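Visitor: using only what follows, build the 3D model:
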Amino acid sequence: MKTKMIRWSFAATAVFFLSVSCGEDFVTTKPDGLFFEDNYYKNETQAFSGLLAVYDVLRKNSNGFENMITMFNAGSDDFYAGGGGATDGTGIQSFSNYTIDEATIPGSYWNDYYAGIARANILIEKLPAADFGNNEAARTRFLAEARALRAYYYFQLVTMFKNIPLITTRLEASELFNVPQADPAEVYAFIEAEMLESLEDLPVMLPVRVGDDLYSREAGRLTQGAVKALLGKVYLYQQKWSQAAAQLADVNGTPGGTSMYGYKLVDNFADLWSVSNKFNTESILEVYHTNQSNSSWGNWGSGSDEGNSVNQMVGPRGYSRPSGSTAPDFWPGWAFNPATPGLAAAMAGDPRAASTLLDMSTVDATYAPAYMDTGFFLRKFMPLNGERTTGGGTAELNFQQDTYLVRLADTYLMEAEAIVNGGGDLTRAQQLLDAVRDRVGLGSIPATEQNIFNERRLELAGEGFRWFDIVRTGRGTALLGSRGFQANKNEVLPIPLRERQNTVIDQNEGYNN
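Guide: A predicted model of the protein is given here:
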């Protein structure tokens with residue numbers, strides 16, 4: 001039998017299984033170095049380690065320099081790229097000013113998610129033969145999790161690049177060069193089917209932790225509620241309004257109350273950004289970070305580091321408080337994602353502003369203005385000095401604030417949007433919008449598509465969703481034209497050049513000249 005190392009490349013680029021973990025209470029399992037695919041996945045413990053490797057890709061949201069949050073903030077109308085200068089991160093800078101092309105797009109936005117898909121494909125293939133003893137329920141659950149995660153990674157890819165290959169089985173390296181792009185409708189149909197078929201084999205809610213055995217550490221794993229939320233989002237992005245509303249209604253329950261999955265808006269908006277408030281009642285799917293992984297420059301952004309990189313990236317450079325100052329004791333950052341004057345003006349007077357943005361003109365502190373400085377910084381992710389790592393590694397790379405892939409206020413507003421656009425129960429849409437606003441002491445406004453779009457901007461500012469909201473609602477030219485956005489081109493990213501070399505993959509429209 002031929003022995004193959006576990007590695008992935010879409011265009012013959014090696015990516016190894018790295019150390020894996022997910023969730024504060026989601027057990028950390030670190031395989032010793034590289035392992036051989038044909039000799040692995042032999043039992044339940046090894047299969048669980050493989051599953052964790054699939055989950056690991058969720059950290060793309062906020063881990064490494066090329067994370068989703070700062071990149072897609074930079075392409076929106078709410079933030080600039082910022083940083084140390086016009087060449088500080090070619091990818092993020094070129095996306096912010098819409099000069100991005102196949103040479104400047106960071107390849108990780110493509111190959112990181114395909115790495116997760118490859119891991120899922122291998123695990124799905126190997127699970128039937130693994131020895132689970134009498135624990136068939138675990139095998140069934142692992143399979144459901146792997147399928148749902150694979151579907152989510154395809155959703156990320158199709159919304160970023162649109163024209164992507166659909167690979168659902170393990171391929172030999174030689175086969176990867178000849179995989180054509182699928183029709184986006186086929187990719188979406190696959191995503192929907194995988195999520196729907198996974199639902200019944202996932203737990204309704206995660207159990208309360210008891211002890212420290214391998215499977216009692218559950219936080220961070222998929223549940224029916226989390227996958228329904230993702231499926232509702234998938235439908236929403238395709239404008240399948242009634243399907244989206246139906247899935248999201250199950251997730252949301254009675255607006256302002258506790259849903260059947262245990263979700264409830266936290267009482268205080270500011271508490272959402274407390275480092276210690278992990279896996280709270282509003283969190284539906286969350287990316288776990290720790291300050292104990294000893295990450296350093298040598299493995300930063302590799303997948304084996306577990307710190308939150310957004311924390312370091314978005315704070316003011318050279319932030320310093322004079323003696324006796326009452327200003328917050330923030331850790332100095334790298335000044336990426338300075339907020340635009342437009343966002344600052346939109347949030348003026350909004351109760352969420354103080355937790356969302358830091359206006360340097362209002363605090364007794366100094367800083368070193370950097371590239372595209374506006375004086376407004378993304379406070380949601382600005383860490384305090386007291387939150388720096390207590391472990392080893394490089395302090396800048398080991399912040400521990402979790403980030404939300406989906407939270408309840410987001411699903412409230414998605415359901416309201418689906419109802420309004422689909423001609424559903426407008427009373428419920430109003431209740432959903434009112435619940436989000438009531439949480440921060442704001443009065444009712446009509447549940448129109450424009451008002452819901454505006455509310456998403458204010459509620460979710462800086463969390464990496466604004467660019468996708470603009471593009472999927474057809475507002476790209478109107479809101480981003482002044483930045484260089486071109487219709488029928490910049491709704492998707494260019495496919496990285498490396499992924500097209502010696503393959504049958506075609507470049508997206510508008511990026512060939």
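Visitor: which ones are touching the nearest residue to D350 once chain neighbours are set aside?
Guide: Leaving out its chain neighbours, the residue that sits closest to D350 by C-beta to C-beta, 6 or more residues apart in numbering is L458, at 5.6 Å. In this view, the C-beta of every residue, glycine as well, is placed from N, C-alpha and C. Shown in contact with L458 (C-beta atoms under 8 Å, 6 or more residues apart in numbering): 346-347, 350, 352.
Visitor: now L458: which helix or strand?
Guide: If you go by DSSP states H and E, L458 is part of helix 449-459.
Visitor: I'd like the next helix or strand past that helix.
Guide: That would be, after helix 449-459 and using DSSP H and E, helix 466-472.
Visitor: re earlier: per-residue pLDDT of the residue nearest to D350, please?
Guide: The score at L458 is 98. That number is its pLDDT.
Visitor: that one and A115: what is the separation?
Guide: As for L458, its distance to A115 is 35 Å (criterion: C-beta to C-beta, to the nearest Å).
Visitor: in this protein, which spans are strands?
Guide: Ranges of strands in the chain, per DSSP state E, are 283-287, 357-359, 376-378, 403-407.
Visitor: tell me what the third one is packed against?
Guide: Yep, that's strand 376-378 we're talking about. With contacts taken as 3 or more C-beta pairs under 8 Å, 6 or more residues apart in numbering; DSSP states H and E, strand 376-378 sits against helix 341-347, strand 357-359.
Visitor: if we can go back for a sec, return the member of the contacts of L458 nearest to G220.
Guide: Using C-beta to C-beta, R352 comes nearest to G220 of the contacts of L458, at 26.1 Å.
Visitor: one step back: buried set for the helix holding L458?
Guide: Using 16 or more other C-beta atoms under 10 Å as the test for burial, helix 449-459 gives 452, 455-459.
Visitor: where in this protein is pLDDT low?
Guide: 1-38, 208-217, 513 (pLDDT under 70).
Visitor: next up, the contacts around the nearest residue to R379 once chain neighbours are set aside.
Guide: The shortest distance from R379 to any non-neighbouring residue, by C-beta to C-beta, 6+ apart, is to L358 (4.2 Å). Contacts for L358 (C-beta under 8 Å, 6+ apart) come out as 316, 330, 376-379, 382.
Visitor: now list the buried members of those residues.
Guide: Those of the contacts of L358 that meet the buried threshold are 316, 330, 376-379, 382, by 16+ other C-beta under 10 Å.
Visitor: can you name the two of these that are farthest apart?
Guide: The widest separation within these (C-beta to C-beta) is 13.8 Å, between F330 and F376.
Visitor: so what's the residue count around the closest residue to G484 other than its chain neighbours?
Guide: Setting aside the residues directly before and after it, G484 is nearest to Y98 in space (C-beta to C-beta, 6+ apart), at 3.2 Å. Y98: 17 surrounding residues under other C-beta atoms under 10 Å.
Visitor: was I right about Y98 contacting Q486?
Guide: Yes: between Y98 and Q486 a contact is recorded at 7.1 Å, counting by C-beta atoms under 8 Å.
Visitor: grab the nearest non-local neighbour of V57.
Guide: G116 (3.3 Å).
Visitor: so how many other residues sit close to that neighbour?
Guide: The burial count for G116: 28, using other C-beta under 10 Å.
Visitor: which residues touch it?
Guide: 54, 56-57, 149-150, 153.
Visitor: kindly report the same for S108.
Guide: Taking C-beta under 8 Å, 6+ apart as the criterion, S108 is in contact with 60, 64, 66, 301.
Visitor: swap in A487?
Guide: Contacts of A487 (C-beta under 8 Å, 6+ apart): 476-477.
Visitor: pull the most distant pair out of the contacts of G116.
Guide: With C-beta to C-beta as the measure, no two of the contacts of G116 lie farther apart than D56 and R150, at 13.3 Å.
Visitor: neighbour count winner among these two?
Guide: Each of D56 and R150 has its neighbours counted (other C-beta under 10 Å); R150 has more, 28 against 24.
Visitor: so what's R472 closest to, chain neighbours aside?
Guide: Y237 (5.5 Å).
Visitor: can you give me the neighbour number for L384?
Guide: Neighbours of L384 using other C-beta under 10 Å come to 12.
Visitor: that one and A118, how far apart?
Guide: 39 Å.
Visitor: what do you get for P446?
Guide: Going from P446 to A118 by C-beta to C-beta gives 47 Å.
Visitor: more neighbours, these two?
Guide: Counted by other C-beta under 10 Å, P446 and A118 do not tie: A118 has more neighbours, with 25 against 12.
Visitor: go ahead and confirm the more buried one touches R170.
Guide: Yes: counting by C-beta under 8 Å, R170 is a contact partner of A118 at 7.4 Å.
Visitor: what distance do you get for L480 to R170?
Guide: Counting by C-beta to C-beta, the gap from L480 to R170 is 39 Å.
Visitor: repeat that for F48.
Guide: 19 Å.
Visitor: neighbour count winner among those two?
Guide: When neighbours are counted by other C-beta under 10 Å, F48 and R170 differ, and F48 comes out ahead with 19 against 16.
Visitor: surely that one meets R141?
Guide: No: counting by C-beta under 8 Å, F48 sits too far from R141 to count as a contact (10.2 Å).
Visitor: who touches I92 in this structure?
Guide: 70-71, 74, 81, 83, 336.
Visitor: OK, contacts around the nearest residue to G392 once chain neighbours are set aside?
Guide: In space, and not counting its chain neighbours, G392 is closest to N294: 4.2 Å by C-beta to C-beta, 6+ apart. Contact partners of N294, counting by C-beta under 8 Å, 6+ apart, are 391-393, 398.
Visitor: recalculate using a threshold of 7 Å.
Guide: 391-393 (C-beta atoms under 7 Å, 6 or more residues apart in numbering).
Visitor: nearest to V471, of these?
Guide: Checking the contacts of N294 against V471 by C-beta to C-beta gives G393 as the nearest, at 36.8 Å.
Visitor: export only the CA atoms of stretch 364-375, formatted as CSV.
Guide: C-alpha atoms of stretch 364-375 as CSV (Å, rounded to 0.1, in the frame of the first residue of the first chain):
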residue,chain,number,x,y,z
ASP,A,364,-6.1,61.7,28.2
ALA,A,365,-3.5,59.8,26.2
THR,A,366,-1.1,60.2,23.4
TYR,A,367,-0.4,58.1,20.3
ALA,A,368,1.7,58.2,17.1
PRO,A,369,-0.7,58.8,14.1
ALA,A,370,-0.1,56.3,11.4
TYR,A,371,-1.2,55.7,7.8
MET,A,372,-4.6,57.0,7.0
ASP,A,373,-5.1,58.0,10.6
THR,A,374,-8.5,59.4,11.5
GLY,A,375,-8.2,59.4,15.3
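Visitor: starting at the chain centroid, how far to that stretch?
Guide: A distance of 27 Å separates the centroid of the chain from that of stretch 364-375, by C-alpha atoms, centre = their mean, to the nearest Å.
Visitor: which residues touch that stretch?
Guide: 80-86, 88, 316-322, 325-327, 335, 338-341, 359-361.
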